[in-house]
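[1] quick one, structure for this:
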Amino acid sequence: MINEFMYGQSTALIVLLLLVGMLIATELAYRNGLRKQSDANDAAKSQINTLQASMLGLLALLLSFVFSLALQRFDERSQFVVNEANAIGTTYLRTQLLPLSIRDQAQAMLKQYVDVRVEEGQVNLAEIEKREALVKKSSQISEQLWALAMKSVELDKNAVTTGMFMQSLNDTIDAFGKREAGLQRHVPETVVLLLLITIIMTAATIGYASGLTGQRAVFATLVLQILISMAVFLTIDLDRPRRGFIQVSQASMVSLQQSIHSAIK
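    Purely as a prediction, here's the structure:
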């Protein structure tokens, strides 16, 4: 399980602390710039303005990089859900190829399996015990299905029919593993920390430059800091499956569940 400190904290709390940190850094740096204003010549002011522009450019690059990482992982998790639904659906269709003596049992087990997977997909990652129990139950059902597939091979030596079912069942098990692994993949905490530190230092640079020039655009600076905070909130929220406002759609799994339930009366 993910055990990084920041990952376990509230996204809103992190962003609120970030905004407060930017405001404090800007104010302290501004006052420091005011004290040194009399000693600063035009060359020094030009240099700090150049550094300010460079810091803003670096921040924009780093923010876009971290956002792209979070979005990529969000897209992967979404695709994993679709892939698992397709794999389970194919496996269910191929139960028609199994011998009659075990066909109904296989379909009932797949119905139970998809119910567990849908329920697990709606559990918050913070509910560790409940999620682990559902994951364990999913693994147990898949093992029972595999044992049933081996039994079908003994009953029907036709490699085409039983082989196709075993192949799709294997794909289902693989899809389960990939989906679970996707939940553990997120933007490294060191990268997020680097982003937050860069934001604070950029805010301080802006405040210091304002102090040196003696001109302060309070409203524009505040708007910029709020927009940066919103961008960070969106980035972190994308990187936290089943915890934030942006959730991976479970529509494909729910649709499959409804289809199987309607097929098995």
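[2] the chain: helices as residue ranges?
    Here the chain has its helices, by DSSP state H, at 11-35, 42-94, 100-121, 128-155, 159-184, 189-213, 218-238, 251-263.
[3] can you get me a residue count around the closest residue to Met166 other than its chain neighbours?
    On the basis of CB to CB, 6 or more residues apart in numbering, the spatially nearest residue to Met166 that is not a chain neighbour turns out to be Ala149, at 4.9 Å. Heads up, the C-betas are built off the backbone N, CA and C, glycines and all. Neighbour count of Ala149, defined by other CB atoms under 10 Å: 21.
[4] check contacts around the closest residue to Gln122 other than its chain neighbours.
    For Gln122, ignoring the flanking residues on the chain, the nearest one in space by CB to CB, 6+ apart is Gln250 at 6.6 Å. Gln250 makes contact with 81, 118, 121-122, according to CB atoms under 8 Å, 6 or more residues apart in numbering.
[5] for ChimeraX, what selects the buried ones among these?
    Only the buried members of these enter the following ChimeraX selection, criterion being 16 or more other CB atoms under 10 Å:
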select :81,118,121
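[6] can you put the contacts of Gln250 in a markdown table and add distance to Ser168?
    Putting those into a markdown table (distance: CB to CB, whole Å) gives the following:
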| residue | distance to Ser168 |
| --- | --- |
| Val81 | 18 |
| Val118 | 19 |
| Gly121 | 20 |
| Gln122 | 25 |
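[7] what's the closest of the contacts of Gln250 to Gln257?
    Minimum distance to Gln257 across the contacts of Gln250 is 5.1 Å, recorded for Val118 (CB to CB).
[8] what about the residue nearest to Gln122, distance to Arg179?
    Applying CB to CB, to the nearest Å, one obtains 11 Å for the distance of Gln250 from Arg179.
[9] so for those two, which residues contact both of them?
    Listed as contacting both Gln250 and Arg179 by CB under 8 Å, 6+ apart are Val81.
[10] circling back: return the closest of the contacts of Gln250 with respect to Asp174.
    Within the contacts of Gln250, the smallest distance to Asp174 is 14.2 Å, found for Val81 (CB to CB).
[11] so how far is Leu183 from the closest one?
    The spacing between Val81 and Leu183, counted by CB to CB, is 11 Å.
[12] residues contacting Tyr7?
    Contact criterion CB under 8 Å, 6+ apart gives 186, 189, 240 as the residues in contact with Tyr7.
[13] okay if I get the residues you listed as CSV plus distance to Val232 and neighbour count?
    Conversion of the contacts of Tyr7 to CSV gives the following (distance: CB to CB, whole Å; neighbours: other CB atoms under 10 Å):
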residue, distance to Val232, neighbour count
His186, 15, 22
Glu189, 14, 13
Arg240, 13, 20
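[14] sorry, back to before: how about the contacts of Gln250 in TSV, adding pLDDT?
    Supplementary listing: those in TSV, determined by pLDDT from 0 to 100:
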residue	pLDDT
Val81	95
Val118	95
Gly121	91
Gln122	89
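[15] grab the nearest non-local neighbour of the spatially most central residue of the chain.
    With distances taken as CA atoms, centre = their mean, the residue of the chain nearest its centroid is Asp239 (3.3 Å). Across the structure, with CB to CB, 6+ apart as the measure, the residue nearest Asp239 apart from its sequence neighbours is Ala70 (4.1 Å).
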